[in-house]
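Visitor: Could you look at this predicted model? Sequence included:
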Amino acid sequence: MEIGLLKLFPALLIILQALSTTHISILQVADAANSKLFREYIGANFKNVAFDEVPINPNVEFHFILSFAIDYDTSSPPSPTNGNFNVFWDSGNLSPSQVSSIKNQHSNVRVALSLGGDSVGNDPAFFKPSSVESWRANAVSSLTQIIKNYNLDGIDIDYEHFQSDPDTFAASVGGLIETLKTNKVISFASIAPYPEVQSYYLALWKSYGNLIDYVNFQFYAYDKGTTVSQFLGYFETQSSNYNGGKILTSFESNGNRGLSPENGFFTACDTLKNQQKLHGIFVWCADDSKNNGFQYERQSQELLAGSQLV
């Protein structure tokens, strides 16, 4: 009996060594599967689009992302507020009561808000904290109020302009996500990086990647002439950058940049789905998709769900 146990020790050591590897490696195994997650930004362009205009397939997990909450005041021109966020999306069409209504109508719908964005008024929306601690405290307080008022489920980080260093961004935003999750104010968080701002988001991922549920990588930030093979290469690169993360594919409704649906986006998604790497699709944005009747939203959800809309 004792000899038998001794023979088992080497095998047990190998198993323990495997289990002691980083949590990212374990996540990679867990994430090696397709998802039925569809996400869409809405409200940034004030084109009077409402939640119930967007087709919702009952067989997907559907996230609306309100765009944007920005830590600027509403003066003219707006000024930065060091973490005191205000609503800058089309709140007339996307109000708290309308959030509750769409969630009541569709049990598979969740609604989040996105922070930052490209611009406020006619100027860039900068991440510009006075200090990590003061920005984080203000952000937790102001966002908790907005999230509870609108009955929201999560946040997305989409800062694109910075007047700080990557470590300050990581500590500020990472601490915000951590606090909101600890306080059970949100149930999920995502980031929306693209190549030109990669250093900020990689710093955030390095320190707080375990708290980030989805990576809304802006693949439409690449050139309009992007081919299917190039897109798949970009996907592999970003999967490596955000090791263990759920990298979502994406397209821009107006087709001005990146790989568009007309030029092979869904072919690329089919390839990733066959490889068990399609973690979801997101679209920028519902405001622009309204012009084409949301045809690509339908197609995206059918691909994810493997079924057509009822």
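Guide: Here it is on my side, so go on. Numbers count the residues shown, from 1 in each chain.
Visitor: Quick check: buried residues in stretch 53-73?
Guide: Neighbour counts over stretch 53-73 (16 or more other CB atoms under 10 Å) mark 54-57, 59-72 as buried. Any C-beta I mention is one placed from the backbone N, CA and C, and that applies to glycine too.
Visitor: CA atoms only: put it into CSV for me.
Guide: Once non-C-alpha atoms are left out, stretch 53-73 reads as follows in CSV (Å, rounded to 0.1, in the frame of the first residue of the first chain):
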residue,chain,number,x,y,z
GLU,A,53,-36.4,49.8,-32.7
VAL,A,54,-33.4,47.5,-32.5
PRO,A,55,-34.1,43.8,-33.3
ILE,A,56,-33.5,41.5,-30.4
ASN,A,57,-33.1,37.8,-30.9
PRO,A,58,-34.4,35.9,-27.9
ASN,A,59,-31.6,33.3,-28.3
VAL,A,60,-28.7,35.7,-27.6
GLU,A,61,-27.4,37.6,-24.6
PHE,A,62,-28.0,41.2,-25.6
HIS,A,63,-26.3,44.2,-24.1
PHE,A,64,-27.2,47.8,-25.0
ILE,A,65,-24.3,50.2,-24.1
LEU,A,66,-25.4,53.8,-23.5
SER,A,67,-22.9,56.3,-25.0
PHE,A,68,-21.6,58.2,-23.1
ALA,A,69,-21.3,59.1,-19.5
ILE,A,70,-18.4,61.7,-19.3
ASP,A,71,-16.7,63.4,-16.4
TYR,A,72,-17.3,66.9,-17.8
ASP,A,73,-19.9,69.4,-16.8
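Visitor: helix/strand/coil for residue 155?
Guide: At residue 155 the chain is in strand, as set by DSSP: H, G, I helix; E, B strand; the rest coil.
Visitor: so where is the protein shaky, pLDDT-wise?
Guide: 1-32, 307-310 (pLDDT under 70).
Visitor: And the helices in it?
Guide: Listed in chain order, the helices found in the chain under DSSP state H are 2-19, 23-30, 96-105, 132-150, 166-182, 198-208, 228-241, 265-274, 286-289, 295-305.
Visitor: Of those helices, which is nearest residue 38?
Guide: helix 295-305 (5.2 Å; CB to CB).
Visitor: Give me the buried stretch members for that closest one, please.
Guide: Across helix 295-305, burial judged by 16+ other CB under 10 Å covers 296-305.
Visitor: Convert that helix to CSV, retaining C-alpha atoms only.
Guide: Written as CSV, here are the backbone C-alpha positions of helix 295-305 (Å, rounded to 0.1, in the frame of the first residue of the first chain):
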residue,chain,number,x,y,z
GLN,A,295,-30.0,44.4,-41.2
TYR,A,296,-26.5,43.6,-39.9
GLU,A,297,-27.7,43.4,-36.3
ARG,A,298,-30.2,40.7,-37.4
GLN,A,299,-27.5,38.8,-39.2
SER,A,300,-25.0,39.1,-36.3
GLN,A,301,-27.5,37.7,-33.8
GLU,A,302,-28.6,34.9,-36.2
LEU,A,303,-24.9,33.9,-36.6
LEU,A,304,-24.4,33.9,-32.8
ALA,A,305,-27.6,32.1,-32.0
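Visitor: what does that helix rub up against?
Guide: Contacting residues not belonging to helix 295-305 are listed as 34-38, 40, 54-57, 59-60, 62, 251, 253, 261, 266, 269-270, 273, 278, 280-281, 283, 286, 289, 308-309 [CB atoms under 8 Å, 6 or more residues apart in numbering].
Visitor: the inter-axis angle of it versus helix 265-274?
Guide: Going by axes from the mean of the first three to the mean of the last three CA atoms, to 10 degrees, helix 295-305 is angled at 10 degrees with respect to helix 265-274.
Visitor: Find out how far helix 295-305 is from the centre of the chain, if you would.
Guide: Centroid separation for helix 295-305 versus its chain: 18 Å, with CA atoms, centre = their mean, to the nearest Å.
Visitor: and what of stretch 296-310?
Guide: 20 Å.
Visitor: Quick one: the helices of the chain as a markdown table, columns for distance to residue 222 too.
Guide: Below are those laid out as a markdown table (distance: least, CB to CB, whole Å):
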| stretch | distance to residue 222 |
| --- | --- |
| helix 2-19 | 37 |
| helix 23-30 | 24 |
| helix 96-105 | 32 |
| helix 132-150 | 31 |
| helix 166-182 | 22 |
| helix 198-208 | 13 |
| helix 228-241 | 6 |
| helix 265-274 | 12 |
| helix 286-289 | 18 |
| helix 295-305 | 18 |
